[in-house]
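[1] Curious how this folds, go ahead:
(one chain, ligands or ions: 1)
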Amino acid sequence: MRRTTTEVAIATRNLGRRYGRKWGLRGCSLSIPAGRVVGLVGPNGAGKSTLMNMMVGLVRPTEGELELLGERVGPNTVLHRVAYIDQEHSLYRTFKVREMLKAGRKLNARWSQRMAEDRLRARGIPLDSKVGELSGGQRAQVALAVALATTPDLLILDEPVASLDPLARKEMMTALMEAKAATGCTIVLSSHVVSELERLCDYLVVLDHGRLRVAGDIDELLDEHRLLVGPAATASAVATAQHVVHRDGGSLLVRGARPVDDPQWTIEPVDLETLVMQYLAMAYQPVRETVA
Ligand SMILES: Nc1ncnc2c1ncn2[C@@H]1O[C@H](COP(=O)(O)OP(=O)(O)OP(=O)(O)O)[C@@H](O)[C@H]1O
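    Next comes the predicted model:
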């Protein structure tokens, strides 16, 4: 298994990007260890693509700092160790698969032709087929084969399965799991759908309205959070002794739950979907950011 050379794969400090008068992402500080599979979750307009585009050098930050694999992002820096698959699966449709591989070989010093060919053969995708004539699922597999053949230390995928049917979705997720096991590279993938990420990811980043809501190791996050459920009438009293993330009537999502001295209240574990939904629903005033 190949190992990355730095402990922290993604470090951002107060990272922000403004589009005109509106912030696409603001005040984002993250420190994500290398070798993780990161699920970047949030609704439309949350800032997921903005963050990913900054990571791959397509969009420049307006403020803050961004380091990948221990280096500042910029031309002739870390980007040759980063592979990116966008929502359209980054392919030339008029090319044959073989020509895509040739282009990849020419453009990437770290290219592994054998890795690309083995991957495509295993999925029954002939090198002479035209990219534009492949199914959406096959195109996604070609994009992944090309990305992995660049032997990246960081692989970034913007909603890799959003356009795929359920079978192709499953196949893509399986291919990503295999890639995770085989390479050990850090993987970041975005999605609106938490359940899609659950089997694959071990690290979670939740964005909403251009703000970071929560980030961390998924097992640790699930361990730290509890749902306190009881009568709405006593919820305020119970909440005073807790670190409440979100309250909905007699249901409180809390971090680091303290014991509740009231038999009408129960303390329940949370699943990942509930955790994310509660962070997205948490009492947060979407700030109307305007330029001073
Ligand atoms: N090029 C742009 N010009 C103006 N505003 C933009 C641009 N790109 C993104 N935005 C705005 O920034 C905010 C964050 O958008 P972004 O595309 O990063 O979100 P997202 O989480 O990827 O959304 P989606 O799931 O819909 O792809 C949105 O309000 C969006 O309208």
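[2] Output the set of residues of this structure in proximity to the ligand.
    The chain has residues Y19, G24, G42, N44, G45, A46, G47, K48, S49, T50, G210 near the ligand, with proximity defined as Cβ under 6 Å from any ligand atom. No exception for glycine: its C-beta is placed from N, CA and C like everyone else's.
[3] Name the nearest of those relative to L176.
    L176 has its nearest neighbour among these in K48, at 17.0 Å by Cβ to Cβ.
[4] What backbone torsions are found at T183?
    Main-chain torsions, T183, degrees, to the nearest 10: phi -110, psi -30.
[5] Check G184 too.
    phi 70, psi 10.
[6] and the spatially most central residue of the chain, bridged to which residues?
    With distances taken as Cα atoms, centre = their mean, the residue of the chain nearest its centroid is L40 (2.8 Å). L40 has the following beta-bridge partners by DSSP bridges: S190, V205.
[7] how much space between it and L25?
    As for L40, its distance to L25 is 11 Å (criterion: Cβ to Cβ, to the nearest Å).
[8] what sits in contact with each of those two?
    Common contacts of L40 and L25, defined by Cβ atoms under 8 Å, 6 or more residues apart in numbering, comprise L51, L207.
[9] what pLDDT does the residue nearest to the centre of the chain get?
    Predicted confidence (pLDDT) for L40: 96.
[10] My guess is it contacts Y203. True?
    No. L40 is beyond contact range of Y203, at 9.5 Å (criterion: Cβ atoms under 8 Å).
[11] pLDDT (mean, whole number) over the helix or strand harbouring A181?
    Using DSSP states H and E, A181 falls within helix 166-183. In this model, helix 166-183 has an average pLDDT of 88.
[12] Buried residues, it. List them.
    Buried residues in helix 166-183, counted by 16 or more other Cβ atoms under 10 Å: A168, R169, E171, M172, M173, A175, L176, A179, K180, T183.
[13] hmm, who's touching that helix?
    Identification of contacts with helix 166-183 by Cβ under 8 Å, 6+ apart yields 1-2, 37, 119, 123, 135-137, 140-141, 144, 148, 151, 155, 157, 160-161, 164, 185, 187, 189, 196, 199-200.
[14] what about burial for these, which qualify?
    37, 119, 137, 140-141, 144, 148, 151, 155, 157, 160-161, 164, 185, 187, 189, 196, 200.
[15] From I187, how far off is the residue lying closest to C201 once chain neighbours are set aside?
    Distance criterion Cβ to Cβ, 6 or more residues apart in numbering; nearest residue to C201, sequence neighbours excluded, is G39 at 3.6 Å. Look at G39 and I187: by Cβ to Cβ, they are 10 Å apart.
[16] what do you get for V37?
    Taking Cβ to Cβ as the measure, V37 falls 5 Å from I187.
[17] ditto for P33
    From P33 over to I187 the distance is 13 Å, taken as Cβ to Cβ.
[18] residue ranges with poor pLDDT in the chain?
    Scanning the chain for pLDDT under 70 picks out 1-6, 75, 89-90, 283-292.
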